[in-house]
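K.L.:
Here is my input; please provide its structure:
(one chain, ligands or ions: 3)
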Amino acid sequence: MPHAVSPLAEQARSALGRRNLVFVGLMGAGKSAIGRLVAQQLGMPFVDTDTEIERVSRMTIGELFAAYGEPEFRALETRVVRRLLRSGSKVVSTGGGAFINDRTRRQIERGGVSVWLKADLEVLWERVNKRDNRPLLKTENPKQTLEKLMQDRYPIYQRADITISSRDVRKEVIADDVMHAVIAYLSKGRTNR
Ligand SMILES: Nc1ncnc2c1ncn2[C@@H]1O[C@H](COP(=O)(O)OP(=O)(O)O)[C@@H](O)[C@H]1O
Ligand SMILES: O=C(O)C1=C[C@@H](OP(=O)(O)O)[C@@H](O)[C@H](O)C1
Ligand SMILES: [Mg+2]
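P.N.:
Numbering: from 1, shown residues only. Ligands and ions are numbered 1, 2, ... in the order given. The predicted structure is shown next:
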């Protein structure tokens, strides 16, 4: 197992112990990118649930949505999240809808420390706008769709253990914010997970 790479990472790693660290939030918030970076810094395994879903189904997320629809995708996502959270401590980046699904959210609540990467519409839009791999944004007005998803989902993401502002600064800055917040959150006497 690789070692944490800085004193901050070292401290966050030791605070986490055997817990999973789970990134949640809207499309474009940086879950996949920041999750990977934080995992590297902590010296922990990293899994992105969308990548794992694509691996086990041998289909892309777009193909899955097109062939089976969103409900089937959510069922697969629930199973993948459950399995990942039970198989040793790691950093897990979820897809944007995972924490919104009641069953998946309960697994995350039980199985790890959740971090909501919260971003404003302009930041999200700048980032998702560059790729067309997100089936939920294949609408006539994808920016408006994203705004609607913010309104619907932010009250639920708010239930995450930790909230981090995912703004337009270097990824390393956000990763440091996450590690500081993990240390602060877990030093509040939480020893039950
Ligand atoms: N702090 C950041 N600075 C610059 N680019 C970022 C930052 N965070 C994320 N990105 C980029 O934004 C895009 C969307 O990020 P991604 O991690 O795929 O988001 P999510 O998994 O939450 O949908 C990616 O190209 C990623 O590299
Ligand atoms: O918000 C959502 O419901 C989704 C977000 C996507 O992941 P990212 O948030 O990593 O883009 C992916 O899981 C799928 O397209 C559905
Ligand atoms: Mg992602």
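
K.L.:
list the contacts for the residue lying closest to Lys171 once chain neighbours are set aside?
P.N.:
Once flanking residues are discounted, Lys171 sits nearest to Leu37: 5.4 Å by C-beta to C-beta, 6 or more residues apart in numbering. Yep, even glycine has a C-beta here, placed from its N, CA and C like the rest. By C-beta atoms under 8 Å, 6 or more residues apart in numbering, the contact set of Leu37 is Lys171, Glu172, Ala175.

K.L.:
what about the last one, helix or strand, and which?
P.N.:
Spelled out, that is Ala175. helix 171-186 (DSSP states H and E).

K.L.:
Grab the nearest non-local neighbour of Tyr154.
P.N.:
Leaving aside its sequence neighbours, Tyr154 sits nearest to Lys118 (C-beta to C-beta, 6+ apart; 7.7 Å).

K.L.:
residues contacting Ile183?
P.N.:
Contacts for Ile183 (C-beta under 8 Å, 6+ apart) come out as Leu8, Gln11, Ala12, Ala15.

K.L.:
can you put these in JSON lines and add distance to Leu85, pLDDT and secondary structure?
P.N.:
Formatted as JSON lines, the contacts of Ile183 follow (distance: C-beta to C-beta, whole Å; pLDDT from 0 to 100; DSSP: H, G, I helix; E, B strand; the rest coil):
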{"residue": "Leu8", "distance to Leu85": "25", "pLDDT": "97", "secondary structure": "helix"}
{"residue": "Gln11", "distance to Leu85": "23", "pLDDT": "97", "secondary structure": "helix"}
{"residue": "Ala12", "distance to Leu85": "19", "pLDDT": "98", "secondary structure": "helix"}
{"residue": "Ala15", "distance to Leu85": "18", "pLDDT": "97", "secondary structure": "helix"}
